[in-house]
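>>> just coords:
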């Protein structure tokens, strides 16, 4: 599932992936996001969509780090991507 979110976030943002080969991702992935207010994005993801995910600045880049566990499914991935689509 991490590979799918990695590909969908790159498609959504149009930004280059951080790593050239996503096949080694098992349960966690970091992806670049377009520049925005980090605190506002995190707040709206949590308050409006009940999605808690790390979003932070690192070396002048805005990153989101998505982790998947056994209790996550494709619907969780879809909710995240659609929430970001509306907020970015």
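Done, it's in. Bear in mind the structure is a predicted one, so any value in this text is a computation, not a measurement.

>>> Would you map the strands across this protein?
Secondary structure of the chain (DSSP state E): strands located at 28-33, 55-58, 61-67.

>>> Let me see the residues that make contact with the helix or strand of the chain with the lowest mean pLDDT.
Lowest by mean pLDDT, DSSP states H and E among the helices and strands of the chain is helix 2-13, with a mean of 80. Helix 2-13 is contacted from outside by 16-17, 22-23, 25-29, 31-34, 64, 66, 68, 74, 77, 80-81, 84-85, 88, using Cβ atoms under 8 Å, 6 or more residues apart in numbering. Quick note: C-beta positions are derived from backbone N, CA and C, even for glycine.

>>> Show the buried residues in these.
Neighbour counting with 16 or more other Cβ atoms under 10 Å marks 17, 22, 25, 29, 31-33, 64, 66, 68, 77, 80-81, 84 as buried within those.

>>> Among these, which one lies nearest to residue 42?
Checking the buried ones among the contacts of helix 2-13 against residue 42 by Cβ to Cβ gives residue 64 as the nearest, at 9.5 Å.

>>> tell me how far the top helix by length along the chain is from the chain's mean position?
Ordering each helix of the chain by length in residues (DSSP state H) puts helix 74-87 first. Counting by Cα atoms, centre = their mean, to the nearest Å, helix 74-87 is centred 9 Å from the centre of its parent chain.

>>> With stretch 73-88 instead?
Its chain's average C-alpha position is 8 Å from that of stretch 73-88, according to Cα atoms, centre = their mean.

>>> which outside residues touch it?
The contact list for stretch 73-88 (Cβ under 8 Å, 6+ apart) reads 1, 4-5, 8-9, 12-13, 33-34, 36, 41, 44-45, 48-49, 51, 53, 64, 66, 68.

>>> Can you say which of the residues you listed are buried?
Among those, those buried by neighbour count (16+ other Cβ under 10 Å) are 1, 4-5, 8-9, 12-13, 33, 41, 45, 49, 51, 53, 64, 66, 68.

>>> so residue 33 sits right up against residue 18, yeah?
No - counting by Cβ atoms under 8 Å, residue 33 stays clear of residue 18, with 11.2 Å between them.
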